[in-house]
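**Q** Would you be able to build a 3D model of this:
(one chain, ligands or ions: 1)
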Amino acid sequence: MTNKNVLHISTECYPPAKAGGMADVVGSLPKYISKEGWKPTVITPRYNLKWFNTHELTSVYSGSFEMEGLPTNFNVYKAEEGSLPFDYYCVDIPGRFDRDSIYLNEFGHGYQDEPERNVSFQRSVLQWLSDPNNKTSFDIIHCHDHQVGFVPFLVKKTAAYENIRNIPCFYTIHNGAYNSRYPWTRLDLFPHVAPNLRQYLEWDGKLDAVATAMRFADHVNTVSPSYLEEMKQQLPSLQFMSQKEPGKFSGTLNGIDEEVWNPKTDELLDKKLVSSVDKFKRENKEEILSELYRVSDVPLVSFIGRFAHQKGGDLLVPSIERILARFGFVNFFILGSGDAYLEKFIQSLRDKFPERVACYMGYNEALAHKVYAASDFIVMPSRFEPCGLNQMFANRYGALAIARKTGGLKDTVIDFETGGLGISFDYDSIDDLTHAIARALQLYKDSKEYKKIRSAAMKVDYSWSKSAAEYCHIYNQLIS
Ligand code: ADP
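**A** Sure, this is the predicted structure:
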């Protein structure tokens, strides 16, 4: 059987460039779709990050286009065969992506030239694809999130890329709260768009990547079924378009890469799981807690994630204070970065309870793996969560999730009191969160029951197998 080819276009992919869950998805879904007869390829920008500077990359294409009257030059590089479990290309656009952070400047704010960056990346990829001398061809283009949301329109409606007009486009919404919305004057960034088509780039008076993607992609999905329903309530463009063409929209739960996230083989863990989960937990607690504060055998509740309104870190701090006032036998570890106000808030909590609360401000992949391995609970007080991956990593590493019932968390974290393997709560309130953590600590005290649930949680199949088959089923429909 000849393979069918799919190109994933994304601004993140693990391990070369990760800022959050989208990287995990783009770095793992391709591995699993290759088991379904599809040959995956991924293309991202080339950043000034360690991976790019330590792997062999060969230039395969050089191009140039005019943007706002000025030439933009770019190079497409291919990573050496075998460096990733799929073909991987990256686009070098000097001055735009050769930075040591994917999205945020040194002050934690988005880059000012985000429109130029995103549009130049999309145009570079499409110019490379549509060049008649390019021998690499694809049956499906799969676009990930708003940064590349104009691709389906550009492919189908602009003369610049008419060679590839017939390739179906799939669009995945990883997080509908983010979008690329530009004033009309930024139309200069695009190749020529016929005047009668300009209206299709617009939503509410601005050029809108997500709305455009939803109009022109052949299929659109969100990363969990519940999130699709929530988004229909919140995103007027999705509500409108899913009413017009309901069959075009679906929700597919993310999976995780069970080879990367395997506590027995994880290269980022110094203390791997051998046979005893208790020993695994103890050793990892000793490792991450020893330098920071007193080691003890009390339960560890951790938070890993962005300090953004979405993730509910602001609810967590007062909730931890309340828990510490009531329970002496609990420690907390907070790993994350983002909102400067929240960072200070968390640091002041740590200063107040130096023996009970540890924190690390910044992005640290290896530490995240160790925190999952050390923790007994991972807390996720998200206000909304398109899918959430932490709860799955947590379970694999023997930690239960304490999660708010929203989006993908609703689909994956079922409360232990109703037969599930986690602790869930309804509202994004300090009271509800505190009550959920307190229930988790009560469960932990019942060691036999806790370990029974933990053991079942570690065995849950979170792999991509089922969801990858769903993706490929839709790909097959799109090309038939
Ligand atoms: P997001 O909305 O941020 O994409 P997800 O739950 O989908 O949330 O994925 C978050 C991913 O980022 C997980 O792999 C998590 O372990 C990782 N992560 C988040 N913050 C940090 C951090 N400060 N250091 C290391 N890893 C982090």
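**Q** C-alpha from now on. contacts and neighbour counts both.
**A** Fine.
**Q** closest point of the stretch 151-300 of the chain to the ligand, which residue?
**A** Closest contact between the stretch 151-300 of the chain and the ligand, by C-alpha to the nearest ligand atom, is at Asn175 (7.1 Å).
**Q** wait, that residue sits on Val210?
**A** No. Using C-alpha atoms under 8 Å, Asn175 makes no contact with Val210, being 10.4 Å away.
**Q** which residues do the two both contact?
**A** Asp145 (C-alpha atoms under 8 Å, 6 or more residues apart in numbering).
**Q** Comparing these two, which residue is more hemmed in?
**A** A count of neighbours by other C-alpha atoms under 10 Å puts Val210 above the other of Asn175 and Val210, at 28 against 20.
**Q** which SS state does the more buried one fall under?
**A** Recorded secondary structure, Val210: helix (DSSP: H, G, I helix; E, B strand; the rest coil).
**Q** For Tyr178, see how far away it is.
**A** As judged by C-alpha to C-alpha, to the nearest Å, Val210 and Tyr178 stand 9 Å apart.
**Q** Common neighbours of those two, please.
**A** Common neighbours of Val210 and Tyr178 (C-alpha under 8 Å, 6+ apart) are His146.
**Q** Could you list the contact residues of this protein toward the ligand?
**A** Listed as neighbours of the ligand in the chain under the rule C-alpha under 6 Å from any ligand atom: 20-22, 304-306, 335-337, 362-365, 368, 388-390.
**Q** Please name the residues that touch the nearest residue to the residue of the stretch 151-300 of the chain closest to the ligand once chain neighbours are set aside.
**A** Excluding the flanking residues, the one nearest Asn175 by C-alpha to C-alpha, 6 or more residues apart in numbering is Pro386, at 5.9 Å. Residues near Pro386 by C-alpha under 8 Å, 6+ apart: 174-176, 222-224, 227, 407-408.
**Q** go again using 10 Å as the cut-off
**A** With contacts defined as C-alpha atoms under 10 Å, 6 or more residues apart in numbering, Pro386 is in contact with 173-177, 222-228, 230-231, 251, 253-254, 406-409.
**Q** what do you get for Lys50?
**A** Lys50 neighbours (C-alpha under 10 Å, 6+ apart): 16-17, 100.
**Q** do the same with Thr222
**A** Thr222 makes contacts with 145, 171-176, 228-229, 231, 249-254, 386-387, 407-408, as judged by C-alpha under 10 Å, 6+ apart.
**Q** Filter these down to the ones in helices?
**A** Judged by DSSP state H, the subset of these located in helices is 228-229, 231, 407-408.
**Q** follow-up on the earlier one: buried only: go through the contacts of Pro386 for me.
**A** Using 16 or more other C-alpha atoms under 10 Å as the burial test, the contacts of Pro386 include 173-176, 222-228, 230-231, 251, 253-254, 406-409 as buried.
**Q** ok, and what's touching the lowest-mean-pLDDT helix or strand in the chain?
**A** In the chain, the helix or strand scored least confidently by mean pLDDT, DSSP states H and E is helix 236-244, which has a mean of 88. The contact list for helix 236-244 (C-alpha under 10 Å, 6+ apart) reads 176, 203-204, 208, 210-212, 214-215, 220, 228-233, 246, 248-250.
**Q** The nearest residue to Tyr47 once chain neighbours are set aside sits in which helix or strand?
**A** Excluding its sequence neighbours, the residue lying closest to Tyr47 (C-alpha to C-alpha, 6+ apart) is Asp98, at 4.7 Å. Using DSSP states H and E, Asp98 falls within no helix or strand.
**Q** okay, Asp98: pLDDT?
**A** Listed pLDDT for Asp98 reads 96.
**Q** Please name the residues that touch His473.
**A** His473 is in contact with 36, 467, counting by C-alpha under 10 Å, 6+ apart.
**Q** Averaged pLDDT, the host helix or strand of it. What do you get?
**A** Per DSSP H and E: His473 is located in helix 465-479. The pLDDT scores in helix 465-479 average 95.
**Q** gap between that helix and the chain center?
**A** Centroid displacement of helix 465-479 relative to its chain, using C-alpha atoms, centre = their mean, to the nearest Å, is 20 Å.
**Q** again with stretch 392-410
**A** The chain centre lies 15 Å from the centre of stretch 392-410; the measure is C-alpha atoms, centre = their mean.
**Q** now stretch 114-133
**A** Put simply, stretch 114-133 sits 23 Å off its chain's centre (C-alpha atoms, centre = their mean).
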